[in-house]
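> let's see this in three dimensions:
(one chain, ligands or ions: 1)
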Amino acid sequence: MSEAVKRTLPSWYVASFADGQTHLADPAPAGLVAPRCDRTPFRPIAALTGIPLDPAQICSSCLSAGVGQFREA
Ligand SMILES: [Zn+2]
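Model (predicted):
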């Protein structure tokens, strides 16, 4: 993994490319991430450095949780 793992702020992680399956999550042991929503920890297939480009893929619960933490650059 890259230095992005060391970020203190949570990042967006892709659980799958299905709609609503990109979650705002904190890095967790064993290569898993712990999403802010009720989903169980998962092993992401990708970690994003910014806000997901496709709004349809964002988990609505995680979006609500993270809306205060991400502002337009
Ligand atoms: Zn979520």
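> what comes up buried for stretch 38-58?
By 16 or more other C-beta atoms under 10 Å, the buried positions in stretch 38-58 come out as 39, 41-42, 44, 47-48, 51-52, 57-58. Backbone N, C-alpha and C define where each C-beta goes, glycine included.
> spatially, which two of these are the most separated?
Spatial extent of those (C-beta to C-beta) is set by the pair 41 and 51 at 21.7 Å.
> mean confidence for stretch 51-59?
Mean pLDDT, stretch 51-59: 87.
> can you show me the CA trace of that stretch as PDB?
Coordinates of each C-alpha in stretch 51-59 appear next as PDB, following Å, rounded to 0.1, in the frame of the first residue of the first chain:
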ATOM      1  CA  ILE A  51     -14.100  12.400  -3.700                       C
ATOM      2  CA  PRO A  52     -15.500   9.600  -5.900                       C
ATOM      3  CA  LEU A  53     -16.100  10.800  -9.400                       C
ATOM      4  CA  ASP A  54     -19.300   8.900  -9.900                       C
ATOM      5  CA  PRO A  55     -21.900   9.900  -7.300                       C
ATOM      6  CA  ALA A  56     -24.000   6.800  -8.000                       C
ATOM      7  CA  GLN A  57     -21.200   4.700  -6.500                       C
ATOM      8  CA  ILE A  58     -21.100   6.500  -3.200                       C
ATOM      9  CA  CYS A  59     -22.700   4.900  -0.200                       C
END
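> just give me the longest strand of the chain.
strand 22-27 (DSSP state E).
> what distance separates that strand from the centre of its chain?
Offset of strand 22-27 from its chain centre (C-alpha atoms, centre = their mean, to the nearest Å): 3 Å.
> and after that strand, which helix or strand comes next?
Beyond strand 22-27 in the direction of the C-terminus, DSSP states H and E gives the next helix or strand as strand 33-35.
> for residue 58, what are phi and psi?
phi -80, psi 130 (degrees, to the nearest 10).
> having no further points to raise, I will conclude here.
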